[in-house]
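Visitor: Sequence and predicted model, in that order:
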Amino acid sequence: MERVRTFLALAVSISVFATASVRAGTVTWQTSGTGDWFDATNWLDDTATARVPTTGDFASIDNGGNATISTGTANALRVTLGTNPTQSGTLTISGGTLQLDAAGSVIGVGGTTGGTSLGGTGTFIQSGDSVVFAREARIGISGGGTISGSSVGTYLMQGGTLAINGGAGDFFALGSGLGATGVYLQTGGFANVGNLYVGRTSAAGSFTLSAGTFVTQQSVFIGGSASSDSGAIGVGTQSAGTTLKVGNVGTGENFRIGFGTGTGGASNGTYNMNGGTIAFTTTSIGMIVGDSGGNGTLNMSDGSLLTRSINVGRNTTGVGTVNLSGGTMIFTGGGVVVGGNAISNTGPGGTGTFIQTGGYLQTDSASNISFSSSSVSAGTYLLQGGTVKLAGTGSNAALWAIGNQSMSSGTFIMSGGTFDASTGTFELTRSSATAKGYASLQGGFMSVATLDFGQASATHTFSFTGGTLAVKNVRFQTNDTLANNGGTFSPGGAGVVGTSTFVGNESYSQSNTSKLAIDLASASSFDFVSLGQTVSTTGNATIDGTIAVQTIGGFDPVQGTTFDVLLADLVTLNPSTLVTGTTPSGKTFDASVVGGTTLRLTVTPEPTVIAPLALALPWLLQRRRRKRAA
């Protein structure tokens, strides 16, 4: 904390006292090997005078040399390393301060900040308790126009404090310009920048946070920095024990992965989160994966992502993919949009895919999860493992919406894991009659307060072929059927008593490969399914397959006890339906239909009592015949 206070005090000092500087001259490094920055014999200015660079100078290291700073304060307006083709330069700071605090101050590593010349190779190494200040840093820069550069810049952050945030719009760019490559590797220390660009304006950038803390005051761009940015490639990687803080200033989606397209093709961005924490410091900002024609991918295997929202596949032709295999995603006040536009639900959307094989995703009561949230968009969520938790209750319950706007298409396929919306709503085709919504439960456990087909005239499908479904309210809007074709329907979930109410003109059917799971807690507390029992509604039930009965909490009903577990306008029970489960004392259950409207379970004698009598019956009859004959 003391280190942060010191850094902030220095940053404020720079912001207040820095003024525009007049360039004093260019001072060029002369020593081909390693030398001390403060040794005047290692430098020559443009008047052939040996002197150490000072405030306002352009300091250039372009002859393969390595300038070192271990103590004291070094000043300049700009520092460039490896500016010219086939040339290289290195700066190593292990202590002291490099202060480029005037307006327009730049660190250029590998390449040139202007003109059309090709660049060289530059390396900046920071360690110890050193401090580096500048307004801009460009790591890997090529010339402008259509010139394809071979510039390569590398910044190795091993310790100390790096500050590139003296004014509005200041940035730290890794790869800037056609063909350039910028590399940043942080293994320690503390960095604070205005904006972070990783792969910008047709360049390639690599950002690796292996240790320490990296803070941006405004935005992060991985692969492209504008809607017209084409051909940029950015890759970010974060490890355990690290912290990336985003957006102390500004609003909107401040972390973008894969942004823009143009004549050079789509920009591509990838962020690999293998641990650590990404924290958005205000509730007004979030993340976009694949925006405005760009292709974005977020791979998360561990760590914590704490943000307002994530938009996967935004704006026309934006393509985004999220792979969640581990770690935790927490959304507060926003939520998840897969295919569409989180900022406004208008205009054409993109294509988004969210694949979860592990980890934990949670929304708060003010957050929703939406698929294809704007027109002509497509969103897909594949839940194969891990947990999804929708928080909130009542009017503040979170919403999971599939197929949300006109001409949009949303898909949810669950084959494993846990989906917990026990206080929320799972809705197909929410806002438009031309939307399409498809949900398929194939495995795992899905708990929903309300299963809703929002638009009666829209195209919607809920396929139930595996896994377990626990739902409190089913609202299909039309005369639809919840068809169980291989899964388990459990009103309250395993070991929990609950009631499932079909609130419209819906029916329930169960095939011979399916189960109806019934929990019994007492003679008056047990799972119950209600169809067609509200005003002006009808509902039928067809039961086949298996009725799996379980007593919970030590409940042991006596023989003859009955439980009316399902009520409908018409109940049909296939004679081949198998009833499984026993009481603690070994009794079994029998299923029957009463009055054509009620499915009743009755406790029957235990098999161990009936079986010996059945075996003895032929012997008793034969003995009786012998006595009569005698």
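Guide: Arrived safely, thanks for sending.

Visitor: number of nearby residues for Ser301?
Guide: Using other CB atoms under 10 Å, Ser301 has 16 other residues around it. For every residue, glycine as well, the C-beta is placed using N, CA and C.

Visitor: Give the bridge partners for Val571, please.
Guide: Under DSSP bridges, the beta-bridge partners of Val571 are Ala541.

Visitor: Would you mind confirming that it is in contact with Gly539?
Guide: No. When contacts are counted by CB atoms under 8 Å, Val571 is not listed as touching Gly539 (10.1 Å).

Visitor: Mind checking which of the two has more residues around it?
Guide: Taking other CB under 10 Å, Val571 and Gly539 do not tie; Gly539 has more neighbours (26 against 23).

Visitor: residue contacts, that one?
Guide: Gly539 is in contact with 502, 505-508, 531-533, 568-569, counting by CB atoms under 8 Å, 6 or more residues apart in numbering.

Visitor: in the stretch 351-500 of the chain, what spans have low per-residue confidence?
Guide: 365-368, 370-377, 393-399, 402-408, 429-435, 454-458, 477-479 (pLDDT under 70).

Visitor: now do the stretch 1-150 of the chain
Guide: Applying pLDDT under 70 to the stretch 1-150 of the chain flags residues 1-23, 112-118, 143-149.

Visitor: in this structure, which spans are helices?
Guide: Ranges of helices in the chain, per DSSP state H, are 2-17, 607-629.

Visitor: any idea of the mean pLDDT in the longest one?
Guide: In this case it means helix 607-629. Averaged across helix 607-629, pLDDT comes to 46.

Visitor: any idea how far Asn540 is from the nearest residue to Thr380 once chain neighbours are set aside?
Guide: Closest residue in space to Thr380, ignoring its immediate chain neighbours: Thr411 at 4.4 Å, by CB to CB, 6 or more residues apart in numbering. With distances taken as CB to CB, to the nearest Å, Thr411 is found 29 Å from Asn540.

Visitor: out of the two, which sits in the busier spot?
Guide: Neighbour totals were compared for Thr411 and Asn540, and Thr411 leads with 22 against 19 (other CB under 10 Å).

Visitor: Test of understanding: give the bridge partners of the more buried one.
Guide: Thr411 has the following beta-bridge partners by DSSP bridges: Thr380, Tyr438.

Visitor: Next: the one 4 residues further on.
Guide: Here Ser415 sits in beta bridges with Gly443, going by DSSP bridges.

Visitor: how about it, what does it touch?
Guide: Here Ser415 is in contact with 382-384, 442-444, 466-467 (criterion: CB under 8 Å, 6+ apart).

Visitor: what's the offset of stretch 412-430 from the middle of its chain?
Guide: 16 Å (CA atoms, centre = their mean, to the nearest Å).

Visitor: Just the CA trace of it, in PDB.
Guide: Only the C-alpha atoms of stretch 412-430 are listed here, as PDB (Å, rounded to 0.1, in the frame of the first residue of the first chain):
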ATOM      1  CA  PHE A 412     -28.400 -23.300 -25.200                       C
ATOM      2  CA  ILE A 413     -27.200 -26.900 -24.900                       C
ATOM      3  CA  MET A 414     -26.500 -28.400 -21.500                       C
ATOM      4  CA  SER A 415     -24.800 -31.800 -21.300                       C
ATOM      5  CA  GLY A 416     -23.200 -31.600 -17.900                       C
ATOM      6  CA  GLY A 417     -22.600 -29.400 -14.800                       C
ATOM      7  CA  THR A 418     -25.100 -27.500 -12.700                       C
ATOM      8  CA  PHE A 419     -27.400 -24.700 -13.800                       C
ATOM      9  CA  ASP A 420     -28.900 -23.000 -10.800                       C
ATOM     10  CA  ALA A 421     -31.700 -20.500 -11.600                       C
ATOM     11  CA  SER A 422     -33.800 -21.700  -8.700                       C
ATOM     12  CA  THR A 423     -35.000 -18.100  -8.100                       C
ATOM     13  CA  GLY A 424     -34.700 -16.900 -11.700                       C
ATOM     14  CA  THR A 425     -36.300 -17.200 -15.100                       C
ATOM     15  CA  PHE A 426     -35.200 -19.300 -18.100                       C
ATOM     16  CA  GLU A 427     -36.900 -17.700 -21.100                       C
ATOM     17  CA  LEU A 428     -37.100 -18.700 -24.800                       C
ATOM     18  CA  THR A 429     -37.800 -16.000 -27.500                       C
ATOM     19  CA  ARG A 430     -38.300 -13.100 -25.200                       C
END
